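K.L.:
Pasting the sequence and the predicted coordinates here, then a few questions.
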Amino acid sequence: MLPPKSPPLRELTGRQVQWILAGAAMTFATQPGQTIFIAQFNASLRDTFGLSHGEFGGLYTIATLASATVLIWAGGLADRLSPRRLATIVMGGLAAMALLMAAQQHVAMLVLALAGLRFFGQGMLAHVAMTTMARWFNRFRGRALSFAGLGFTLGEATLPFTLTLAIAAIGWRQVWVATALVLLAVLLPLVAFLLRDPPDGKRALARGQLNPDAAAPGVPTGARWTRAAVLRDPLFYAIVPGIMAPPAIGTLFIFHQAHLVAIKGWDLMTFTAFFPVLSATVVISALVAGVLVDRFGAWRLMRLILLPQAIGCLVIATLAPQWAIPLFFICFGMTSGMLSPVLGALWAELYGTAHLGAIRALATAAVVAASAIGPGLAGLLIDAGVELDGQGFGYAAYSLAGTALYFLLQRAFGRRAANLSATT
């Protein structure tokens, strides 16, 4: 008799908790490559290099699209290298890019540094963390992804306001040097320690301690779903446009936060002080979504993830009082919180785990590309005289269209998940 699909958390072993902590440490370490981190340097970088909103947004788009392109190839390394080795390499690269940011003297160097930060941080390190959780867990997959994703939330809650103060106190270049030191001296050793005894490692196999939450047959699922097969699958292309909405739209508002607060008449310090509201909402939504993923399946939740974001876009489009700031963060936090565990589990449910790294790399590259398109497009519209609040109506319409599409795809999702389960 198979164990229950959604067992209680008390059944997690100490080693499994260690693996989840490793995932959370990796997602926290992605912060220097995340828009919410880089956006705090927006004004300083534009002043240093004499860039307009549109010009800086365009450079950010170029850099992020370059990182997404490389990620399509590099993401497959998650299927061939151990998480410990790959995470160590990626975190070293992220620290090197932070030092490059501190030393830059030319716009070309700025683009290179941004591309490296986006590739190693938002792209590869997040990819390694979430692929590892999705592969190592089965019945606990949704909750493992939720808990591992709390590293994103911790960074979002603590770093924007901290960075604002640090830049004012010691200067933006020194903040990037400090970032590199924290990565190399604290986070990299911590991740290496937590990943030292993986479920598929030689020591575990020698002790006979197999992963207690592996898939029922004990072997990777979905062997026929290679990256090439997924690229020929119409369902994949139906999913991608909708999942690009949260990174594109959420990123553009954070990236252009200085302009947003200016047109709304808000204070930047007040705006960044409300980031903990965003983080708290992300935590609650992620934990609830993780439980629901384990109980009902990620594919059933896809129809819900874009609705809160649509409401948040309408808040930006129509409201100007300061109490709209936390309301905006709550709406976007709900979508962001649901997105990580739902998407993290969706690919395993639809395509299995045999080639999960390569498959997730395709989706992650699309998400990274979306986070590039959003700020660039918004910057061009701002320069053309279309303010962010006016843009909000269009972003709300796109989110609602994605919601409708996922409702229509529910039957196709269910058939695919059932077929994969029946063949394993």
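P.N.:
Yep, it's here. Just so we're clear, the structure is a prediction, and the values are computed from it rather than from any experiment.

K.L.:
how far away is residue 117 from residue 312?
P.N.:
From residue 117 over to residue 312 the distance is 26 Å, taken as CB to CB, to the nearest Å. Using the backbone N, CA and C atoms, a C-beta is placed for each residue, glycine as well.

K.L.:
Could you do residue 411 as well?
P.N.:
Counting by CB to CB - residue 411 and residue 312 are separated by 29 Å.

K.L.:
ok, now residue 54?
P.N.:
Taken as CB to CB, the span from residue 54 to residue 312 is 24 Å.

K.L.:
Tell me where the chain has strands.
P.N.:
For the chain, applying DSSP state E gives no strands.

K.L.:
Could you find the closest non-adjacent residue to residue 361?
P.N.:
In space, and not counting its chain neighbours, residue 361 is closest to residue 75: 2.1 Å by CB to CB, 6 or more residues apart in numbering.

K.L.:
Contacts only, for the one you found.
P.N.:
By CB atoms under 8 Å, 6 or more residues apart in numbering, residue 75 lies in contact with 123, 124, 127, 357, 358, 360, 361, 362, 364, 365.

K.L.:
likewise residue 251?
P.N.:
By CB under 8 Å, 6+ apart, the neighbours of residue 251 are 35, 370, 371, 374, 375.

K.L.:
When residue 411 and residue 312 are compared, which one has more neighbours?
P.N.:
More crowded of residue 411 and residue 312, by other CB atoms under 10 Å: residue 312, with 27 against 8.

K.L.:
ok now do that one, which residues does it touch?
P.N.:
So residue 312 contacts 327, 328, 330, 331, 332, 335 (CB under 8 Å, 6+ apart).

K.L.:
Give me the distance between it and residue 396.
P.N.:
Residue 312 is 8 Å from residue 396, by CB to CB.

K.L.:
now swap in residue 321 and tell me
P.N.:
Distance from residue 321 to residue 396, by CB to CB: 19 Å.

K.L.:
In terms of neighbours, single out the busier of these two.
P.N.:
residue 396 (22 against 10).

K.L.:
Looks like the more buried one contacts residue 308 (just checking).
P.N.:
No - between residue 396 and residue 308 there is no contact under CB atoms under 8 Å: 11.2 Å.

K.L.:
Output the below-cut-off pLDDT ranges for the stretch 151-300 of the chain.
P.N.:
For the stretch 151-300 of the chain, applying pLDDT under 70 flags the ranges 201-202, 204-210, 214-220.

K.L.:
try it again with 90
P.N.:
For the stretch 151-300 of the chain, the stretches with pLDDT under 90 are 152-162, 164-165, 196-227, 250-259, 267-276, 278-280, 282-283.

K.L.:
residue ranges for the helices of it, please.
P.N.:
Assigned by DSSP state H, counting those that start in this stretch, the helices in the stretch 151-300 of the chain fall at 172-182, 188-194, 202-207, 227-231, 234-243, 245-255, 257-264, 268-273, 275-296, 298-301.

K.L.:
Over to the stretch 301-424 of the chain?
P.N.:
Counting by DSSP H, counting those that start in this stretch, the helices of the stretch 301-424 of the chain are 307-318, 324-351, 356-383, 388-408, 410-422.

K.L.:
coming back round to it: nearest to residue 95 among the contacts of residue 312?
P.N.:
Residue 95 lies nearest to residue 332 out of the contacts of residue 312, by CB to CB, at 29.3 Å.

K.L.:
Look up the pLDDT of the closest residue to the closest one other than its chain neighbours for me, please.
P.N.:
Sequence neighbours aside, residue 312 is the residue nearest to residue 332 in space, at 4.6 Å (criterion: CB to CB, 6+ apart). Looking at residue 312, its pLDDT is 96.

K.L.:
One more: residue 65?
P.N.:
88.

K.L.:
wait, what's in contact with the nearest residue to it once chain neighbours are set aside?
P.N.:
Closest residue to residue 65 apart from its sequence neighbours, by CB to CB, 6+ apart: residue 372 at 4.8 Å. Counting by CB under 8 Å, 6+ apart, residue 372 makes contact with 60, 61, 62, 63, 64, 65, 68, 118.

K.L.:
Now for the nearest residue to residue 302 once chain neighbours are set aside: which residues touch it?
P.N.:
Spatial nearest neighbour of residue 302, chain neighbours left out: residue 406 (4.4 Å); criterion: CB to CB, 6+ apart. By CB under 8 Å, 6+ apart, the residues touching residue 406 are 242, 302, 303, 305, 306.

K.L.:
if we go to 10 Å?
P.N.:
Counting by CB atoms under 10 Å, 6 or more residues apart in numbering, residue 406 touches 238-239, 242-243, 299, 301-307, 413.

K.L.:
Relative to residue 235, how far out is it?
P.N.:
Taken as CB to CB, the span from residue 406 to residue 235 is 12 Å.

K.L.:
what does residue 71 give?
P.N.:
For residue 71 relative to residue 235 (CB to CB), the value is 22 Å.

K.L.:
more crowded one of the two?
P.N.:
residue 71 (25 against 15).

K.L.:
Enumerate every residue touching that one.
P.N.:
With CB under 10 Å, 6+ apart, residue 71 has these contacts: 118-120, 122-124, 127, 361-362, 364-369.

K.L.:
how about a cut-off of 7 Å?
P.N.:
119, 123, 124, 361, 364, 365, 368 (CB atoms under 7 Å, 6 or more residues apart in numbering).

K.L.:
hang on, isn't the third one packed against residue 74?
P.N.:
If I follow you right, that is residue 124. Yes - at 6.1 Å, residue 124 counts as touching residue 74 under the criterion of CB atoms under 7 Å.

K.L.:
And those two? Which one has more around it.
P.N.:
In this view residue 124 and residue 74 are compared by other CB under 10 Å, and residue 124 has more residues nearby, 30 against 20.
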